[in-house]
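Asker: no FASTA, just this:
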């Protein structure tokens, strides 16, 4: 009989995350943060964006299928469980670490985060994106008495931990990280107006996510700096 741990790993091994990357997060990576570790790199979309911007990137994923695709694009990628105590590299060997929608998929994100901080050099950067569980769409479902997992999105069935705008930041601060940027990225409900007035819609999205991030942000973006080697 399979253990729960092996069954859970198989779910990720069978999954294949493919998208166009997340420029909102990638664009924040400083140019001096040359060597980047992309933790939970999926099919390598963010890695491609980072390489285009001049960074050297090493990715890890639990999916052999994803790793193969990343390697076929000429990038370094290891098949590895982010919860494993071994880090594969020496402490202080990276300038930055990217966690793009990864920490919500592990049972103890604080433990994983603190462990990976050891890979950063002094004053290294950490770039994190988390889903906002209290985004207005989810709030409406909760008010209706509905708490339903889905195949993707905020209520992805593989999400083990949930964050709001405050607890996302606290996750980094509790790990000893100095937060230097913290904002939300999302959309304001505009219906057909979004197609009629795209530029205006983008401006409204920015204003809504800026002033009411806990309500309208789909993504919680947090940038931190490590001042003292962990």
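Answerer: Received it, and whenever you're ready, just let me know what you need. Just so it is clear, the structure is predicted and the values come from calculations on it, not from any experiment.

Asker: Sticking with residue 99, tell me its helix or strand.
Answerer: strand 94-100 (DSSP states H and E).

Asker: Would you mind pulling up the elements that the very next helix or strand once past that strand packs against?
Answerer: Using DSSP H and E, the helix or strand that follows strand 94-100 in sequence is helix 109-117. Packing partners of helix 109-117 (3 or more Cβ pairs under 8 Å, 6 or more residues apart in numbering; DSSP states H and E): strand 94-100, helix 165-174. To be clear about C-beta, it is placed using only N, CA and C from the backbone, and glycine gets the same treatment.

Asker: Could you single out the most deeply buried of those?
Answerer: strand 94-100 (a mean of 25; mean count of other Cβ atoms under 10 Å).

Asker: contacting residues around the nearest residue to residue 30 once chain neighbours are set aside?
Answerer: Leaving aside its sequence neighbours, residue 30 sits nearest to residue 125 (Cβ to Cβ, 6 or more residues apart in numbering; 6.1 Å). Going by Cβ atoms under 8 Å, 6 or more residues apart in numbering, residue 125 touches 29-30, 33, 95-97, 223-226.

Asker: Contacts only, for the closest residue to residue 124 other than its chain neighbours.
Answerer: Nearest residue to residue 124 in three dimensions, chain neighbours excluded: residue 226, at 4.8 Å (Cβ to Cβ, 6+ apart). Listed by Cβ under 8 Å, 6+ apart, the contact partners of residue 226 are 117, 120, 122-126, 176-178.

Asker: Among those residues, which one sits closest to residue 166?
Answerer: Taking Cβ to Cβ as the measure, residue 166 lies nearest residue 177 of the contacts of residue 226, at 15.3 Å.

Asker: Touching, the closest one and residue 224? I think so.
Answerer: Yes - Residue 177 is in contact with residue 224 according to Cβ atoms under 8 Å; the separation is 3.7 Å.

Asker: okay, and the common contacts of these two?
Answerer: If you check residue 177 and residue 224 against Cβ under 8 Å, 6+ apart, the residues they both contact are residue 126.

Asker: where in this structure is pLDDT low?
Answerer: Residue ranges of the chain with pLDDT under 70: 1-19, 228-230.

Asker: Spatially central residue for the protein, please.
Answerer: residue 100 (1.8 Å; Cα atoms, centre = their mean).
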